[in-house]
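Q: Quick one: sequence and predicted model below, then my questions.
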2 protein chains.
Amino acid sequence: MKILWLFAHPDERSLSAALKTDGLRTLEAHGHQHRVSDLYAMKWNPVVDPADYGHDPTERFHVGPASERAYTEGRLSPDIASEQQKLAWADTLIIQFPLWWYGMPAILKGWFDRVFVKGFAFGITDPATGRPQRYGDGKLTGKRAMVIVTAGARAATLGPRGVNGDLNDLLFPLQHNTLWYTGMSVVPPLLIPGADRTTPETYETATTRLRDRLLTLPSTTPLPFRHQNTGDYDDNLLLHPHLTPALTGPAAHYTSPPPPAHI
Amino acid sequence: MKILWLFAHPDERSLSAALKTDGLRTLEAHGHQHRVSDLYAMKWNPVVDPADYGHDPTERFHVGPASERAYTEGRLSPDIASEQQKLAWADTLIIQFPLWWYGMPAILKGWFDRVFVKGFAFGITDPATGRPQRYGDGKLTGKRAMVIVTAGARAATLGPRGVNGDLNDLLFPLQHNTLWYTGMSVVPPLLIPGADRTTPETYETATTRLRDRLLTLPSTTPLPFRHQNTGDYDDNLLLHPHLTPALTGPAAHYTSPPPPAHI
């Protein structure tokens, strides 16, 4: 594998950082290549700014068209272009973060806001069919992605009946509406629970699970999200009535139930 | 009402900004008070940093305990303390943003990451019962919140059968796991769709809906999320088996279905 490892924790002495180090060592030991975007260490700027696109500040700013022009004309801010090049190099994207307010830390959300510009990650049309390429189809098709989250909560509270909601549902905007949207195959997330009560035993369990998930990543069955362009959705982008007709919620956008994310 | 209006769009000439201006005027005309946190205009820093809490950089950094100590001892970074004071003043929180990658812009996510520290928004225990106060119970109980999102997508694609997923499900981490978590009552979100194809007619429709939602906010039925501490969840914080036993997904955490968010 050629892995880009996105990482978003402010302390290099954290559990998160220890897991990252262990994971990268495991990959090296098995001959895989990696590059790391350690967003705190890079002092990554997460805030979309018209200046990212060389936008004339006297003009009204439309994020989509402005970013698409800058992308097409090679005028994107160098920090954005550099991240796009790393992702173009990689065949696998790891996204590791502590669950803050049940989502990504702002510094990581802003990686997607700034790097996934129009023309690169959305707004792409198939020249042959004229159809928009998204949800299973796009420039990032062929790459794999995996989310690794540490959380203070106990695992079951992030399960299908837990008070915090199911982890796959909390990650739906990222896993389905961002990664799968751009064409990437998303393997099930790895949850490291009880992160603020780590003992030597739970740390050992965590690294064992992490190593296993990393080394089996290329052969792991991806989350079975539906494709936009292979007949599950109608011309208005609504699920065809005959498909799981009684089902709503994130579950309706899988062809079969995903494995439990909290185990 | 005393409204704190959180706003996160980079261009003051945007549709989002025009709606904000119209909404604030409407509130003023009806005798309501407001304060505004225009995050781009404030150059809000969204990145959690040990320096926010006066944390000794030679020590390992645990976000929760470090933020709780700083909060309790009045040592939080002044920009964070100022936002907490605004929220303490308000009885109503409006959160307005363009939907970027189906969630909040990073600058807004980082408002919650930094302002909602331990002791203020989580990690609170009822001294009488010893139980954690969250999901319908906490220091922000009694306040109301409403999300206003502009989105390029058509409304139906953000409905229960739409390819992008149901808006309430996409907003679940914010509406349920953040706002309701801290005790706030959350009224249904207001979606302004087709935001990049606005015409005078659709703008008129949008402002009419906005004014109506703002002026009826105090009497609008909140989203019927389940309370953690009133018997729906067991001691392990799992839904009791007799409650909607076949139901999983975000829907399981409502006592009855919420109104459609995309209409």
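A: All right, it came through fine. Numbering: from 1, shown residues only, chains lettered A, B, ... in the order given.

Q: Residues contacting stretch A:69-77, please?
A: A:51-55, A:67, A:81, A:84, A:114, A:117-120 (Cβ atoms under 8 Å, 6 or more residues apart in numbering or on different chains). For glycine as for every other residue, the C-beta is placed from the backbone atoms N, C-alpha and C.

Q: hmm, 7 Å instead?
A: A:52-54, A:117-120 (Cβ atoms under 7 Å, 6 or more residues apart in numbering or on different chains).

Q: go on, stretch A:167-182?
A: A:102-104, A:112, A:116, A:121-122, A:134-136, A:138-140, A:145, A:147, A:158, A:186, A:189, A:191, A:223, A:225, A:250, A:253, A:258, A:261-262, B:101-103, B:164-165, B:169-170, B:172-173, B:249-250.

Q: what is the rounded mean pLDDT of it?
A: Taken as a whole, stretch A:167-182 has a mean pLDDT of 98.

Q: Around chain B, pick out the residues from the stretch 151-263 of chain A.
A: Counting by Cβ under 7 Å from any Cβ of the partner chain, the residues of the stretch 151-263 of chain A close to chain B are A:156-157, A:160-166, A:169-170, A:172-173, A:176-178, A:196, A:228, A:233, A:236-239, A:248-253.

Q: Quick check: ChimeraX command selecting the buried ones in these.
A: A single ChimeraX command selects the buried members of these (16 or more other Cβ atoms under 10 Å in any protein chain shown):
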select /A:156,157,160,161,162,163,164,165,166,169,170,172,173,176,177,178,228,233,237,238,239,248,249,250,251,252,253
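
Q: So which of the residues of the stretch 151-263 of chain A next to chain B belong to helices?
A: A:169-170, A:172-173 (DSSP state H).

Q: Ends of stretch A:21-37, what's the gap?
A: End-to-end distance for stretch A:21-37: 13 Å, by Cα to Cα, to the nearest Å.

Q: Show me what counts as buried in it.
A: Here stretch A:21-37 shows A:22-24, A:26-27, A:32, A:34, A:36-37 as buried, counting by 16+ other Cβ under 10 Å.

Q: can you tell me which of these are in helices?
A: Short answer: the buried residues of stretch A:21-37 in helices (DSSP H) are A:22-24, A:26-27.

Q: residue boundaries of the helices in chain A?
A: A:15-29, A:63-72, A:78-89, A:106-115, A:167-170, A:172-174, A:200-215.

Q: quick one, strands of the stretch 51-200 of chain A?
A: According to DSSP state E, counting those that start in this stretch, the stretch 51-200 of chain A carries its strands in the segments A:92-98, A:144-150, A:185-186, A:190-192.

Q: if we can go back for a sec, just the closest of the ones in helices among the buried residues of stretch A:21-37 to chain B, please.
A: Among these, residue A:22 lies closest to chain B (Cβ to the nearest Cβ), at 17.3 Å.

Q: ok, back up a step: quick check: the two most widely separated of the contacts of stretch A:69-77?
A: A:54 and A:120 (16.1 Å; Cβ to Cβ).

Q: Kindly reformat the buried residues of stretch A:21-37 as CSV and extend each row with distance to residue A:7 and pLDDT.
A: What follows is the buried residues of stretch A:21-37, written out as CSV (distance: Cβ to Cβ, whole Å; pLDDT from 0 to 100):
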residue, distance to residue A:7, pLDDT
A:22, 13, 98
A:23, 10, 98
A:24, 10, 98
A:26, 15, 98
A:27, 13, 98
A:32, 16, 98
A:34, 11, 98
A:36, 6, 98
A:37, 7, 98
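
Q: Quick check: the gap between residue A:7 and chain B.
A: 14 Å (Cβ to the nearest Cβ, to the nearest Å).

Q: For that residue, list each beta-bridge partner.
A: With DSSP bridges applied, residue A:7 shows beta-bridge pairing to residue A:38, residue A:96.

Q: For it, give me its contacts.
A: Per Cβ under 7 Å, 6+ apart, neighbours of residue A:7: A:20, A:36-39, A:96.

Q: Please spell out which residues along the lowest-mean-pLDDT helix or strand in chain A are buried.
A: Using mean pLDDT, DSSP states H and E, the weakest-scoring helix or strand in chain A turns out to be helix A:63-72, at a mean of 93. Residues of helix A:63-72 classed as buried by neighbour count (16+ other Cβ under 10 Å): A:63, A:66-71.

Q: picking up where we left off before, report the entries of the buried residues of stretch A:21-37 that also contact chain B.
A: Okay, of these, nothing touches chain B (Cβ under 7 Å from any Cβ).

Q: Can you lay out those residues as JSON lines showing distance to residue A:204?
A: What follows is those, written out as JSON lines (distance: Cβ to Cβ, whole Å):
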{"residue": "A:22", "distance to residue A:204": "11"}
{"residue": "A:23", "distance to residue A:204": "14"}
{"residue": "A:24", "distance to residue A:204": "18"}
{"residue": "A:26", "distance to residue A:204": "14"}
{"residue": "A:27", "distance to residue A:204": "19"}
{"residue": "A:32", "distance to residue A:204": "22"}
{"residue": "A:34", "distance to residue A:204": "23"}
{"residue": "A:36", "distance to residue A:204": "24"}
{"residue": "A:37", "distance to residue A:204": "28"}
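
Q: Since that was my last question, I'll sign off now.
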